[in-house]
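# please find the sequence and the predicted model below.
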Amino acid sequence: MAITQKRPKRKTSGGRYRAWRKKRVHEMGNLPSFTKLDKKTVKVVRTLGNNQKRVLLSGDIANVYDPKEKKYEKLKIETILESPANRHFVVRNVITKGTIIKTEKGKARVTNRPGQEGNINAVLV
């Protein structure tokens, strides 16, 4: 069954909306990618207007910004320390926005959405 991003079948009161049309292609959605800590794997997804979106399925290198030196560096991610999205993501090695990762230079916080943007950007903490 297709995943859509249209209005739900039920109202906030619990009553049902009357179905007035079928699902449309422009209302389609995707399952979350749950970017893992592993060798880099990217999936290319076709979007509206025949454009392409790169979905990062797994990655082990982050573009880390050092605020003291005002420079970016590509650093290897060693482990995931904490995740504000879900405490179980730490055990599963899932990287989301706001996740604290351990790199070669120290702790860093992920500043982008890797599952939607295709890379991992972070800032040293």
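Done, it's in. If you're wondering where the values come from, they're calculated on a predicted model, not measured in any experiment.
# okay, the longest strand along the chain in PDB with CA atoms only?
Assignment by DSSP state E gives strand 71-82 as the longest strand of the chain. Only the C-alpha atoms of strand 71-82 are listed here, as PDB (Å, rounded to 0.1, in the frame of the first residue of the first chain):
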ATOM      1  CA  LYS A  71      37.400  25.700   9.000                       C
ATOM      2  CA  TYR A  72      35.700  22.500   7.800                       C
ATOM      3  CA  GLU A  73      37.300  19.100   7.900                       C
ATOM      4  CA  LYS A  74      36.300  15.600   6.800                       C
ATOM      5  CA  LEU A  75      36.500  13.400   9.900                       C
ATOM      6  CA  LYS A  76      35.800   9.800  10.500                       C
ATOM      7  CA  ILE A  77      32.900   9.100  12.900                       C
ATOM      8  CA  GLU A  78      33.900   6.700  15.700                       C
ATOM      9  CA  THR A  79      30.700   6.200  17.600                       C
ATOM     10  CA  ILE A  80      27.300   7.700  18.400                       C
ATOM     11  CA  LEU A  81      27.100   9.100  21.900                       C
ATOM     12  CA  GLU A  82      23.500  10.400  22.300                       C
END
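# if I pick the spatially closest residue to residue 115 that is not a sequence neighbour, what's in contact with it?
Leaving aside its sequence neighbours, residue 115 sits nearest to residue 33 (Cβ to Cβ, 6 or more residues apart in numbering; 3.6 Å). Every residue, glycine included, has its C-beta placed from N, CA and C. Applying Cβ atoms under 8 Å, 6 or more residues apart in numbering, we find residue 33 in contact with 43, 55, 56, 57, 115, 116.
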